[in-house]
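K.L.:
Structure for the following, please:
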Amino acid sequence: MNYLAILVFAAALPWGLVAQDASPQQLPTAPSAIKYPPPAPPPANNTAQAPATAQPAAPATTNSAATQDSAGPASASQKSGHTGATSPSATAAAASSPDATAGAASAGAIPEGADDSVPVIRKRVNEVNVVFTVTDKRDHFVKDLTQSDFRVFDDNKPAASINWFSRQTNLPLRVGLLIDASNSVRDRFKFEQESAIEFLNQIVRPGYDKAFVIGFDTTPEVTQDFTDNTEALSHGVRMLRPGGGTAMYDAIYYACRDKLMQEDKGVLATRRAIILLSDGDDNQSRVSISEALEMAQRAEVVIYTISTNTSGLVLRGDKVLKHFAEETGGKAFFPFKIEDVANAFTEISDELRSQYAISYKPADFLANGKYRSIEILADNKKYHVRARKGYYAPTQ
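P.N.:
Reported below is the predicted structural model:
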């Protein structure tokens with residue numbers, strides 16, 4: 001009897017080993033270990049079908065557009081962000097598609113008091129989406145204007161048509177907090193961390209908004225990936241320790257290409273923003289300032305900068321920070337006193353709830369990959385419109 005049992009066990013052993021080898025488990029990568037540029041693992045099975053509610057595919061995939069995202073500056077057809085928005089009245093019909101269902105699921109439940117008619121958008125090569133802010137002469141936000149109060153110019157020509165207009169008080173946010181952790185910001189680093197944490201607690205609505213945290217010295221490091229959990233985001237900020245050089249351009253490039261452009265994949269209408277806390281003095285990046293800015297423009301990201309320079313002088317880094325903010329439709333803050341850092345975060349929080357968005361069709365549009373300027377003017381000369389300066393047309 002024992003002899004028969006041994007024969008049965010010996011016969012079954014190879015099959016058990018084959019079954020065990022057929023489904024190897026892969027260890028997850030800790031967020032704090034994600035360095036720029038991120039490794040792009042090849043797909044395990046090119047023919048596998050992802051479920052409808054899955055997160056956006058990894059950069060390395062059979063989809064050619066996603067593959068370009070992982071390879072650095074790619075064709076403008078994927079990066080220019082020309083995503084046409086359906087009108088609010090058509091939202092219900094668009095939401096019935098699988099992509100729209102996946103986008104709505106990724107946003108989670110809409111909190112009380114938020115806009116329950118979040119538009120679902122579809123990519124079109126000849127439509128441009130712009131988020132913008134309007135202020136009066138006292139720099140107070142103007143929130144009650146309508147589409148008829150604005151004129152839009154694309155490449156110095158009036159837009160052919162306006163497809164969609166909305167006041168963006170409650171549109172979901174996708175925010176990247178980029179904190180300079182180099183030796184040059186060591187003096188008041190602790191206070192800046194606490195101010196950043198308070199900002200995240202105020203701006204992120206659980207189940208609706210998402211944010212991530214990147215610290216950068218010689219390389220960018222993700223200390224907390226996209227989440228709506230403010231405790232996790234706070235922990236990601238507190239993990240940062242100052243030391244090393246400053247690779248600010250790399251951090252902006254990576255945050256736009258590998259984080260903000262990948263989230264929601266253009267299905268759900270969201271606003272993308274980067275809050276950059278730095279002295280602006282880059283000395284370690286592998287990409288240039290122009291490459292970092294181009295990636296931000298392709299990702300439709302608004303950049304707000306908070307300078308950590310306390311010298312009282314306007315240094316080169318301050319001019320760099322102002323350049324990033326102005327070109328993307330954001331704003332640069334230069335707090336001289338340490339208490340002013342918290343005030344800058346508060347003002348950014350207020351602005352993110354006081355914006356407009358518009359989708360338009362350019363006149364004489366050519367899909368040639370070239371840069372095209374954007375200008376939005378208010379009919380009331382007392383109002384100032386702040387928006388990104390332009391975009392890159394797609395290529396066919």
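K.L.:
Only C-alpha atoms from now on, for both contacts and neighbour counts.
P.N.:
OK.
K.L.:
residue ranges of the helices in this protein, please?
P.N.:
Assigned by DSSP state H, the helices in the chain fall at 2-21, 64-70, 76-79, 91-94, 98-107, 189-203, 230-238, 248-254, 289-298, 316-328, 339-352.
K.L.:
So what's the model's average confidence on the fifth one?
P.N.:
Which is helix 98-107. When pLDDT is averaged along helix 98-107, the result is 36.
K.L.:
again with the longest one
P.N.:
Over the span of helix 2-21, the pLDDT mean works out to 44.
K.L.:
do the same with stretch 222-232
P.N.:
In this model, stretch 222-232 has an average pLDDT of 97.
K.L.:
What of stretch 147-154?
P.N.:
For stretch 147-154, the mean pLDDT works out to 97.
K.L.:
ok, now stretch 319-330?
P.N.:
Rounded mean pLDDT across stretch 319-330 is 97.
K.L.:
Only the C-alpha atoms, please, for that stretch, written as PDB.
P.N.:
Provided in PDB are the C-alpha atoms of stretch 319-330 (Å, rounded to 0.1, in the frame of the first residue of the first chain):
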ATOM      1  CA  LYS A 319      12.800  84.100 -13.100                       C
ATOM      2  CA  VAL A 320      12.700  80.400 -14.000                       C
ATOM      3  CA  LEU A 321       9.800  79.800 -11.700                       C
ATOM      4  CA  LYS A 322       7.900  82.800 -13.100                       C
ATOM      5  CA  HIS A 323       8.500  81.500 -16.600                       C
ATOM      6  CA  PHE A 324       7.000  78.100 -15.900                       C
ATOM      7  CA  ALA A 325       3.900  79.700 -14.200                       C
ATOM      8  CA  GLU A 326       3.200  82.300 -16.900                       C
ATOM      9  CA  GLU A 327       3.600  79.900 -19.800                       C
ATOM     10  CA  THR A 328       1.200  77.400 -18.300                       C
ATOM     11  CA  GLY A 329      -1.500  79.800 -17.000                       C
ATOM     12  CA  GLY A 330      -0.400  79.500 -13.300                       C
END
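K.L.:
Go through that stretch and flag the buried ones.
P.N.:
For stretch 319-330, the neighbour count (16 or more other C-alpha atoms under 10 Å) marks Val320, Leu321, Lys322, His323, Phe324, Ala325, Glu326, Glu327, Thr328, Gly329, Gly330 as buried.
K.L.:
from those, which two are the most distant?
P.N.:
Val320 and Gly329 (14.5 Å; C-alpha to C-alpha).
K.L.:
give me the beta-bridge partners of Ser307?
P.N.:
Beta-bridge pairing for Ser307 (DSSP bridges): Ser278.
K.L.:
count of neighbours near it?
P.N.:
Using other C-alpha atoms under 10 Å, Ser307 has 22 other residues around it.
K.L.:
correct me, but it touches Lys337?
P.N.:
No. Between Ser307 and Lys337 there is no contact under C-alpha atoms under 8 Å: 11.1 Å.
K.L.:
so who does Phe336 touch?
P.N.:
Contact analysis of Phe336 by C-alpha atoms under 8 Å, 6 or more residues apart in numbering lists Asn309, Thr310, Gly312.
K.L.:
Mind checking which of those residues are buried?
P.N.:
Buried among these (16+ other C-alpha under 10 Å): Asn309, Thr310.
K.L.:
mind putting the contacts of Phe336 in a markdown table, distance to Val175 and pLDDT included?
P.N.:
Formatted as a markdown table, the contacts of Phe336 follow (distance: C-alpha to C-alpha, whole Å; pLDDT from 0 to 100):
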| residue | distance to Val175 | pLDDT |
| --- | --- | --- |
| Asn309 | 23 | 87 |
| Thr310 | 26 | 80 |
| Gly312 | 29 | 81 |
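K.L.:
which among the contacts of Phe336 gets closest to Ala387?
P.N.:
The nearest member of those to Ala387, counting by C-alpha to C-alpha, is Asn309 at 25.6 Å.
K.L.:
Need phi/psi at the closest one.
P.N.:
phi -70, psi 120 (degrees, to the nearest 10).
K.L.:
measure Leu366 to Ile376 for me?
P.N.:
20 Å (C-alpha to C-alpha, to the nearest Å).
K.L.:
Counting neighbours, go ahead and name the busier of the two.
P.N.:
Ile376 (20 against 15).
K.L.:
what sits against Glu184?
P.N.:
To be clear, residue 184 is Ser; Glu isn't right here. Neighbours of Ser184 in contact, by C-alpha under 8 Å, 6+ apart: Asp279.
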